[in-house]
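> only the shape, not the letters, is given here:
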Ligand SMILES: C[S@@+](CC[C@H](N)C(=O)[O-])C[C@H]1O[C@@H](n2cnc3c(N)ncnc32)[C@H](O)[C@@H]1O
């Protein structure tokens, strides 16, 4: 896949890009802290569509990072995997999928969500810009706008089969041992 070559990473991870190492450190600390609050110790982490590997670098150990881009795999050291077609044999305590599922088509995303669910033992951190986000939330200068536009409900219908939404990008795996109070979760 040539779309995700050196230019893509220079454009979106250089100055004025989507996010950087420092921002991901804040987010990863918070996600890790919420896992601890839920008594989940992320002893194994899967970073899906890892790109420049900011999450992978924050975790450093016990993390498997994957990407569909040959360039990213070569440059940043990930396993070459298309999450729409790859289901890992083992499960991971925490799965991270940050800014990835806006790229594959509907069929591939549906398969990707099933594959992520199969790979996830306890907690998923997920960020996908939806139609509404692309219209009024994201910064169009910093964000790749050439992506699939799907509604939040479109994604929720698929995610709800496997996960309970806790909010702020966190989803807990159904049957994964994390119990949320009624007002800690969305309906
Ligand atoms: C916006 S970047 C996000 C990178 C990283 N997750 C982050 O937040 O910094 C999107 C990444 O998703 C990867 N990607 C797109 N489709 C994918 C797929 N089907 N399977 C795995 N990775 C994919 C791209 O190669 C690219 O590296």
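That came through fine. Remember, predicted model here, so these are calculated numbers, not experimental data.

> pull up the gap between residue 16 and the ligand, please.
Note on residue 16: its distance to the ligand, by CB to the nearest ligand atom, to the nearest Å, is 14 Å. Any C-beta I mention is one placed from the backbone N, CA and C, and that applies to glycine too.

> assumed that residue was part of a strand.
No - per DSSP: H, G, I helix; E, B strand; the rest coil, residue 16 lies outside any strand segment and is coil.

> number of nearby residues for it?
Neighbours of residue 16 under the rule other CB atoms under 10 Å: 10.

> go on, residue 91?
So residue 91, with other CB under 10 Å, has 16 neighbours.

> over to residue 153?
Residue 153: 9 neighbours (other CB under 10 Å).

> residue contacts, the residue nearest to residue 180 when sequence neighbours are not counted?
When the adjacent residues along the chain are set aside, residue 180 lies closest to residue 166, with 5.9 Å between them (CB to CB, 6 or more residues apart in numbering). Contacts for residue 166 (CB atoms under 8 Å, 6 or more residues apart in numbering) come out as 34, 172, 180, 184-186.

> most neighbours among the residues you listed, which one is it?
residue 172 (24 neighbours).

> and for whatever residue of the chain ends up closest to the ligand, the neighbour number?
Per CB to the nearest ligand atom, residue 51 is where the chain lies closest to the ligand, at 2.6 Å. Residue 51 is flanked by 24 other residues according to other CB under 10 Å.

> how about the contacts of residue 166 in CSV, adding pLDDT, distance to the ligand and secondary structure?
Output for these, formatted as CSV (pLDDT from 0 to 100; distance: CB to the nearest ligand atom, whole Å; DSSP: H, G, I helix; E, B strand; the rest coil):
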residue, pLDDT, distance to the ligand, secondary structure
34, 98, 18, helix
172, 98, 20, strand
180, 96, 25, coil
184, 95, 25, helix
185, 95, 24, coil
186, 91, 23, coil
